[in-house]
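1. What shape does this take:
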Amino acid sequence: MYKQLDKAAAKPAVWSAYTADLLWADSHIAKQMLAYHLNPEIEAASRSFAFIDASVDWLVSEFNLNPASKTIDFGCGPGLYTQRLKAKGIGTVVGLDFSENSLSYATQQAKQSDLQIEYHLGNYLDYTDARTFDLITLVMCDLCALSPSQRSALFKKFKTMLAPSGVIALDVYTASRFKKQAESVNLAKNSMNGFWSAEDYWCIQSTFKYEADAVTLDKYVIIQEGKEWTVFNWLQHFTIEMLSAELEPHGLSIKATYSDLRGNPLADGDEMAVIISHK
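-> Numbers count the residues shown, from 1 in each chain. Sure thing, here's the model as predicted:
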């Protein structure tokens, strides 16, 4: 038992495992994630509906999006941004996600509202498109869950898909947030209100900090009778300089910085938003 617990709480090498797909492959967890997305009172998987409304209003106004514009949302979830963009009269709206459950909901909602939106199921890291877009979005700090090599591949993709005068809008966690994080280990039965399974389970949650990399990890070891699995939730934290350095090799640069994707002025906080364009 000691060896099992010691292994479960062991600190892995930074970025040594990628398990994001587990959150969507398991039918129970996928339903939990969709419920989080659609709950307007919490910001566990999506922003509040009021935030999303304000964000879409600002993006459309700030970048003069219109019926001739093309937009694409990486990690669109149940379509909370894409549906609002299309309802504003944007010409081409595309959403990418690897949750079949979330995309099914998005497709159903778009059909009910008579909104012509393209949805593509799959890992957006593998997506290709010959078109170029006026606005590329990656929200809810989704970039932070990707490893350095995954981020590099994504920026390379963005470069080829970005229209000459187009912009990329995304948000990230900051170095200020990283400073406030602390390492911990917790053991709980049916933690997070049964998030991980409909059956009884024990969860060992370990939080680690990687000071040299500005990365945190929430490692979840879920133990059930006859079954055990591990989920790694990595989060990269950025300064403007760090993000600029990752963009530079791909011919991209930060055009503007904000506190969030509603256009609020940049202030010290847990998150920041950036607008990226061709150099």
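
2. Let me see the ranges of the strands in the stretch 101-250 of the chain.
-> 118-121, 133-138, 162-174, 184-189, 202-210, 215-224, 227-238 (DSSP state E, counting those that start in this stretch).

3. List the strands paired with the second one, with their directions.
-> Pointing back at strand 133-138 there. strand 70-74 (parallel), strand 162-174 (parallel) (DSSP bridges).

4. So which of the strands of the stretch 101-250 of the chain is nearest residue 56?
-> Residue 56 sits nearest to strand 133-138 of all the strands of the stretch 101-250 of the chain, at 9.7 Å, using CB to CB. C-beta here means a position set from N, CA and C on the backbone, and glycine is covered the same way.

5. ok, and what's touching the closest one?
-> Strand 133-138 is contacted from outside by 59, 63, 65, 69-75, 81, 92, 94, 154, 158, 161-163, 165-170, using CB atoms under 8 Å, 6 or more residues apart in numbering.

6. which one of the strands paired with strand 133-138 is the most hemmed in?
-> Most buried of the strands paired with strand 133-138 by mean neighbour count (mean count of other CB atoms under 10 Å) is strand 70-74; its value is a mean of 24.

7. Apart from its neighbours in sequence, what residue is nearest residue 120?
-> Distances taken as CB to CB, 6 or more residues apart in numbering place residue 96 nearest to residue 120, at 5.2 Å, with adjacent residues excluded.

8. can you check residue 276 too?
-> residue 168 (4.0 Å).

9. circling back: which of the strands paired with strand 133-138 sits closest to residue 14?
-> strand 162-174 (15.5 Å).

10. what's next to that closest one, contact-wise?
-> Contacts of strand 162-174 (CB under 8 Å, 6+ apart): 59, 63, 70, 132-144, 158, 235-239, 243, 252, 255, 260-261, 268-278.

11. Alright, that wraps it up for me.
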